[in-house]
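> Following is a predicted model, sequence given first.
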Amino acid sequence: MGSMYKDDQDDWMTVCLKYLLFVFNFLFWMGGGAVMGVGVWTLIDKGDYLSLLASSTFAVSAYILILAGGLVMVTSFLGCCAVIREQRSCLSVYFSCLLLIFLIELVAGVLAYVYHQRLSEELKQHLNQTMTENYAQRGKESITLAVDMLHQDFKCCGSNSSLDWRHSAYVASPEAERRVVPDSCCKTITPRCGQRDHPSNIYKVEGGCITKLEHFLADHLLIIGAVGIGVACLQLAGATLTICFIYLLYKEEEEDSSDV
């Protein structure tokens, strides 16, 4: 009697874990879509600003999230197949995939957190030089476009202030046509409007574009880190359920073989 009750209890636990894993894989699949979406959104939404950064850590974090999101969606489908088949070998492969993706997303989250800590220093050291030395220069079209977008999107002018442009290669060149700032600094852009840097004509923001860009990138990095680490924690729960399910299947196989 006790043996039968124990078998029924084990069967009940196996069924419960099976359904729990199905629910987990559905949440896992949705989480993968969210991870991939955040990575794509990070690269598309103001992605041109990446050319203004001295390092590629920001972009690398986003690409890792996209890779991890794709793997998550594929793995969740494989996980459903493994649960249906109730094969320990398939579940072991699924468990290994969960751990691999966990490590990938954890790396993305940690990269985003570490880069968030030194973002301000990097911008202070490199942004002004990047803007003033490369704006409107041959072969630097991506930086020129990024600077123009930065001025207009964040309503700012210059790295620290509009005075930064006085020492730029662009203002010193004949192509500037006596402009003191690029036309993109103007509140209303018209041809050669950058010849006058009065506050009524151009954007004057305390802290310049550095402050605006830093806040924008910091918000994105926090989202990357939170999503990466959050989904990674979800995968740990799934890995725990998978181990329990594998253990119950192992026990059932052992009992079946002993009955024979």
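Structure received.
> Quick check, pLDDT for H198.
Per-residue confidence (pLDDT) for H198: 90.
> mind checking the SS state of it?
Taken by DSSP: H, G, I helix; E, B strand; the rest coil, the conformation at H198 corresponds to coil.
> Can you tell me how far it is from V180?
Separation of H198 from V180 (CB to CB, to the nearest Å) stands at 10 Å. Using the backbone N, CA and C atoms, a C-beta is placed for each residue, glycine as well.
> between the two, who's got more neighbours?
V180 (17 against 7; other CB atoms under 10 Å).
> Surely the more buried one touches Q195?
Yes: contact criterion CB atoms under 8 Å: V180 and Q195 qualify, at 6.6 Å.
> so where do the helices sit in the stretch 151-260 of the chain?
For the stretch 151-260 of the chain, applying DSSP state H, counting those that start in this stretch gives helices covering 169-172, 208-259.
> which one of those helices lies closest to S61?
Among those, helix 208-259 comes nearest to S61, with 5.2 Å by CB to CB.
> So what's the gap between the closest one and the chain middle?
Relative to its chain's centre, helix 208-259 lies at 15 Å (CA atoms, centre = their mean, to the nearest Å).
> start the count at 57, not 1, going forward
Noted, 57 is the first residue going forward, which turns the last one into helix 264-315.
> Which secondary structure elements does it sit against?
Counting contacts by 3 or more CB pairs under 8 Å, 6 or more residues apart in numbering; DSSP states H and E, the secondary-structure elements packed against helix 264-315 are helix 58-100, helix 113-141, helix 144-190, helix 197-210.
> and A282, which of these is closest to it?
Closest of the helices and strands packed on helix 264-315 to A282 is helix 144-190, at 7.8 Å (criterion: CB to CB).
> other SSEs contacting the closest one?
Judged by 3+ CB pairs under 8 Å, 6+ apart, helix 144-190 is in contact with helix 113-141, helix 197-210, helix 225-228, helix 264-315.
> Need the residues touching each of V236 and Q251.
Shared contacts of V236 and Q251 (CB atoms under 8 Å, 6 or more residues apart in numbering): none.
> now this protein, which segments are flagged as low pLDDT?
Within the chain, the stretches with pLDDT under 70 are 57-67, 102, 308-316.
> The same query, at a cut-off of 50, please.
Along the chain, segments meeting pLDDT under 50 span 57-63.
> Quickly note the distance from the closest residue to F80 other than its chain neighbours to S224.
Excluding the flanking residues, the one nearest F80 by CB to CB, 6 or more residues apart in numbering is G294, at 4.7 Å. Counting by CB to CB, the gap from G294 to S224 is 53 Å.
> How about A192?
Plainly put, A192 is 9 Å away from S224 if you go by CB to CB.
> Tell me which of the two has more neighbours.
Taking other CB under 10 Å, A192 and S224 do not tie; S224 has more neighbours (22 against 19).
> Spell out which residues sit in contact with the nearest residue to A138 once chain neighbours are set aside, please.
In space, and not counting its chain neighbours, A138 is closest to C146: 3.8 Å by CB to CB, 6+ apart. Contacts here follow CB under 8 Å, 6+ apart; on that basis C146 touches 134, 137-138.
> swap in S256?
Contacts of S256 by CB under 8 Å, 6+ apart: none found.
> picking up where we left off before, list just the one of the helices of the stretch 207-316 of the chain that sits closest to V79.
Using CB to CB, the nearest of the helices of the stretch 207-316 of the chain to V79 is helix 264-315, at 9.6 Å.
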